[in-house]
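Chemist: Give me a model of this one.
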Amino acid sequence: MSSFISKLDLAVRYHESIGEQHMANYLRNQLDVLRNITEHKKDYLVTSYYVPGELLELLDVEVVYMERLAGLAAAWRIFDKPVFRATTKGFSACSCSYQAIFDLLIEDEVIPKPVGFVALSYTCNDAWMYCKTAAEKHSVPFYFINVPKTSDNDHQKHFAKQLEELYHQLKISFPAKTSMEDVVTASNEAQEIKSQIDTVRLKTPGNIIDFFKLFPLYNDLGKKSTVEILKHFKSKLESNASKSSEDITGILWLGVLPLYRNSIILDIEKKLGCKIVCEEMFDFGNIKLTRNIFFENLAQRIMCSRFFSFENRIEAMFKSIRDFGVKGIIHFSQRNCMFLPPMVPLIRKKAEEEKIPFVEINGDVVDPDYFDEERAWNQLEFFYEQIHWRP
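Modeler: Numbers count the residues shown, from 1 in each chain. The predicted structure follows:
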């Protein structure tokens with residue numbers, strides 16, 4: 001654990017030294033959580049990505065979003081060959097590597113055992129199934145909501161009721177911490193600044209890697225610190241507005257990117273003479289909350305999110321293509337992911353209909369042993385010809 005904490009602490013100090021206060025504050029929050037659950041022995045819950053942060057912010061318990069901590073561990077290579085190591089400990093080789101590396105963090109006692117797991121069936125079956133299995137393995141509670149697959153009014157109300165019941169279940173074990181009024185105010189302020197950031201990036205796309213680093217702020221909606229982080233980020237984008245180039249070949253990146261090799265984005269931009277101008281992860285849903293229908297608002301936000309259905313994703317994707325003047329699409333498909341990669345054939349078909357060059361790169365965002373970068377560059381050579389010389 002000392003290695004993980006020291007790397008996180010070093011990253012905080014590095015970003016402070018170069019004036020990137022948004023990243024320094026964001027990483028400091030993760031450092032505080034890590035210290036609280038390890039050095040200070042505070043109880044904590046493990047949760048999957050789309051469990052609303054505002055709901056958990058109401059309660060006095062540390063929360064670790066599984067995918068975020070796994071991502072940090074992968075980015076700093078806390079483990080060599082994480083998938084292999086996890087499988088030698090009995091983890092399924094067919095499972096998502098995000099869960100594999102998170103399981104290693106507990107198995108190798110990098111972090112202590114949590115007091116419970118919380119998950120939604122949306123979006124990822126791998127995530128909630130892992131949480132269920134891990135809860136049984138460690139003999140701790142598993143809190144679960146099976147999210148309706150359709151978003152009509154009746155299903156949305158049912159989902160809102162489930163979220164409210166989840167809150168009351170958790171409240172039995174964890175006391176109240178933040179008032180609902182304060183959580184709603186912080187969430188809405190963050191959403192407002194996020195909307196302003198979306199407007200700014202239309203004029204100056206900025207460094208896309210920053211958006212990949214900060215998209216898990218979605219998990220921190222409802223915290224006052226999130227408002228300050230977004231303010232700093234917006235200021236950075238605005239200060240760089242004059243540096244943007246008007247004459248660019250804009251690319252939309254779908255999926256995530258190799259966490260151990262995020263500089264591949266810069267290499268692609270240089271070699272292909274293009275710029276990754278937008279992605280699909282930095283998306284908070286833009287649903288404002290109210291105290292009277294708090295849980296209904298949370299349910300609506302999830303059911304309106306871009307990944308809730310293929311139609312939602314396509315609509316959001318082509319809105320970005322129009323807004324940013326995108327000339328091509330790169331889709332990075334995560335190995336063993338049962339959620340996003342199966343949509344690729346339909347996305348490819350839609351891109352062909354719209355005469356937009358499309359390329360799929362396959363790999364593993366967590367484990368470099370499963371990413372053939374040479375093959376990826378061969379695919380990108382043909383993509384280069386398409387984006388620059390298509391009729």
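
Chemist: drop to CA atoms for contacts and neighbour counts, all remaining ones
Modeler: Noted.

Chemist: okay, now residue 76: neighbour count?
Modeler: Close neighbours of residue 76, defined as other CA atoms under 10 Å, add up to 14.

Chemist: Residue 196 too?
Modeler: Around residue 196 there are 14 residues (other CA under 10 Å).

Chemist: so when I look at it, I'm seeing a helix, right?
Modeler: Yes: using DSSP: H, G, I helix; E, B strand; the rest coil, the assignment for residue 196 is a helix.

Chemist: what's near enough to touch the nearest residue to it once chain neighbours are set aside?
Modeler: Once flanking residues are discounted, residue 196 sits nearest to residue 234: 7.7 Å by CA to CA, 6 or more residues apart in numbering. Listed by CA atoms under 8 Å, 6 or more residues apart in numbering, the contact set of residue 234 reads 193, 196-197, 200.

Chemist: I'd like the residues you listed as TSV, with distance to residue 93 appended.
Modeler: Below are the contacts of residue 234 laid out as TSV (distance: CA to CA, whole Å):
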residue	distance to residue 93
193	41
196	42
197	40
200	42
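
Chemist: Among those residues, filter down to the buried ones and hand me the ChimeraX syntax, if you would.
Modeler: This is how ChimeraX selects the buried members of those, with burial counted by 16 or more other CA atoms under 10 Å:
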select :193,197,200
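
Chemist: helices and strands around the host helix or strand of residue 164, which ones?
Modeler: Residue 164 belongs to helix 153-173 when assigned by DSSP states H and E. In terms of contacts (3 or more CA pairs under 8 Å, 6 or more residues apart in numbering; DSSP states H and E), helix 153-173 is packed against strand 142-145, helix 294-303.

Chemist: one more time with 7 Å, if that's ok
Modeler: Contacts defined by 3 or more CA pairs under 7 Å, 6 or more residues apart in numbering; DSSP states H and E place helix 153-173 against helix 294-303.

Chemist: For the helix it packs on, which outside residues touch it?
Modeler: Helix 294-303 is contacted by residues 52, 151, 156-157, 159-160, 163-164, 285, 287, 289 when judged by CA atoms under 7 Å, 6 or more residues apart in numbering.

Chemist: quick check: angle from that helix to helix 153-173?
Modeler: 120 degrees (axes from the mean of the first three to the mean of the last three CA atoms, to 10 degrees).

Chemist: average pLDDT for helix 294-303?
Modeler: Helix 294-303 shows a mean pLDDT of 97.

Chemist: could you point out which element follows it?
Modeler: Per DSSP H and E, the first helix or strand lying C-terminal to helix 294-303 is helix 310-324.

Chemist: quick one: buried residues of that next one?
Modeler: 313-314, 317-318, 320-321, 324.

Chemist: just the residues you listed now: which is nearest residue 293?
Modeler: residue 313 (26.1 Å; CA to CA).
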